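1. Build me a model from this:
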Amino acid sequence: MALDTSMPILVVDDYQTMVRIIKNLLKQLGFEDVDDASDGAAALGKLKEKRYGLIISDWNMEPVTGYDLLRMVRSDDELRSTPFIMVTAESKTENVIAAKKAGVNNYIVKPFNAQTLRNKIEAVCGA
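-> As a prediction, the model looks like this:
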């Protein structure tokens, strides 16, 4: 089954280079409608304005972390069901467990390539 490349995706990372890398990978996979936010607070603002089919968020951000953003999304009736992929440089078991408990759909450890990203999106979005 093909990926729904028309769905809007929100990339959340406070590191602009990483945002560019993820956006380029998504473009390689055929996604055109990709927005970005520099932290959890900015992301929440965008999530209130537009329906996204997927959130790809970094874990480590200030002042609102990806984990905080995940918890806020999952506690919001409007946003609760939005698929959420967490990106992190560390594969600490306790982080993975905490994210799973908070309702993350999938997890990517940096560095990763387009194929890994595609596999994770397919796993989360049921393609």
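
2. sec struct for the most centrally placed residue in the chain, please.
-> Residue closest to the average C-alpha location in the chain (C-alpha atoms, centre = their mean): residue 56, at 1.1 Å. Under DSSP: H, G, I helix; E, B strand; the rest coil, residue 56 falls in the strand class.

3. That one and residue 6: what is the separation?
-> Residue 56 is 16 Å from residue 6, where distance means C-beta to C-beta, to the nearest Å. (Each C-beta comes from the backbone N, C-alpha and C, glycine too.)

4. Wait, the residue nearest to the centre of the chain touches residue 85, no?
-> Yes. Here residue 56 reaches residue 85: they are 4.8 Å apart, a contact under C-beta atoms under 8 Å.

5. any common contacting residues for these two?
-> By C-beta atoms under 8 Å, 6 or more residues apart in numbering, residue 56 and residue 85 have these common neighbours: residue 108.

6. which regions of the protein lie under the pLDDT threshold?
-> Residue ranges of the chain with pLDDT under 70: 1-2, 127.

7. List the buried residues for the strand or helix carrying residue 120?
-> Assigned by DSSP states H and E, residue 120 belongs to helix 114-125. Across helix 114-125, burial judged by 16 or more other C-beta atoms under 10 Å covers 117-118, 120-121, 124-125.

8. in the chain, which spans are strands?
-> 9-12, 34-37, 54-58, 84-88, 106-109 (DSSP state E).

9. Let me have these in TSV, extended by distance to residue 46.
-> Below are the strands of the chain laid out as TSV (distance: least, C-beta to C-beta, whole Å):
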stretch	distance to residue 46
strand 9-12	6
strand 34-37	5
strand 54-58	10
strand 84-88	14
strand 106-109	21
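
10. how about the helices in this structure?
-> Ranges of helices in the chain, per DSSP state H, are 16-28, 40-49, 66-74, 93-102, 114-125.
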